[in-house]
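Undergrad: this is a predicted model, with the sequence first.
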Amino acid sequence: MGCDRLTNEELAEQIQGGNKQLIPELWERVKRLMFKLSYAYYKQHIDRCAFAGVALEDLQQESFCAFMNAVYAFKPGGGFRFLSYIKLPLLTCFNSLLGIRGRKEPINEAVSLDAPLPGTEESMTLGDTLEDQDAAIEHDDAERRIYCQELHEAMEKSLETLDQQQRLIIQEYRYNDKSYATIGAEIGLPQYVVRDIEKKAMRNLRKPRSVKYLKPFADEYIKSHAYIGTSFTAFKYNGASIEERIVEHLEF
């Protein structure tokens, strides 16, 4: 039987059986849906994506990982259509990418959340054990605000190691996205002089007396985001953009 006559569920079953040549065929069938869901998720969580440095392209790449997870976890006899089943692994991968806690593994069998748990009090159900997603997101947002505040304070200390002119140019160029020419016109300096001062300021920020304030944040960022794409869209959305945009350019 040609693969074009196989259902998605049958393709998944054959891939599980070792016929990996069918992976591209199944992926092409579901890719459009995966990318559509990626876009919808990105629009819904655009602020969180920005903070985590996750671009739409990153979610689309992650959707293939979710697809592969779904293929090998899918149970053809479980009563689910593959296109319906794949949505949970996709959501799980996206949430993991953004640090949103939740269920880690897709399910194949539906269980009533009102069912009592054996060995517990009669009033305790499965639903009582599930994490409150709203509370988890609220907790993550609170952690993010604390992190940004700490980063802001560290950046202020780092900038204080520069002279007043260097600090002003860094803030105007890196934070306010002004050009060298615009800054020069405002402070009465030629464009090339402003550029030279900015470059010197960045070199100074890499020196031990300045970088010591930011290195812990850079180390944490690299460890948690090294696998994410290089689109630093975060620097356009969250309140700590000045600090993170400068941290991006520091070479430790």
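TA: It's in.

Undergrad: so, low pLDDT: which residues of this structure?
TA: Low-confidence regions of the chain, defined by pLDDT under 70, span residues 1-4, 101-144, 147, 217-252.

Undergrad: switch to 50 and redo it
TA: Confidence mapping of the chain against pLDDT under 50 gives the ranges 102-113, 120, 126, 129-131, 222-252.

Undergrad: could you pull out the helices for it?
TA: Secondary structure of the chain by DSSP state H: the helices cover 8-16, 23-44, 46-52, 56-73, 82-85, 87-98, 126-129, 133-159, 164-170, 180-187, 191-205, 208-211, 215-225, 241-249.

Undergrad: now the ones you listed as TSV including mean neighbour count?
TA: Quick note: C-beta positions are derived from backbone N, CA and C, even for glycine. Shown next, in TSV, are the helices of the chain (neighbours: other Cβ atoms under 10 Å):
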stretch	mean neighbour count
helix 8-16	19
helix 23-44	15
helix 46-52	19
helix 56-73	19
helix 82-85	17
helix 87-98	19
helix 126-129	12
helix 133-159	14
helix 164-170	17
helix 180-187	16
helix 191-205	17
helix 208-211	14
helix 215-225	13
helix 241-249	19
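
Undergrad: let me know whether Tyr41 touches Cys93 as I believe.
TA: No: here Tyr41 does not reach Cys93: they are 10.1 Å apart, not a contact under Cβ atoms under 8 Å.

Undergrad: give the contact list for Glu13.
TA: Contacts here follow Cβ atoms under 8 Å, 6 or more residues apart in numbering; on that basis Glu13 touches Pro76.
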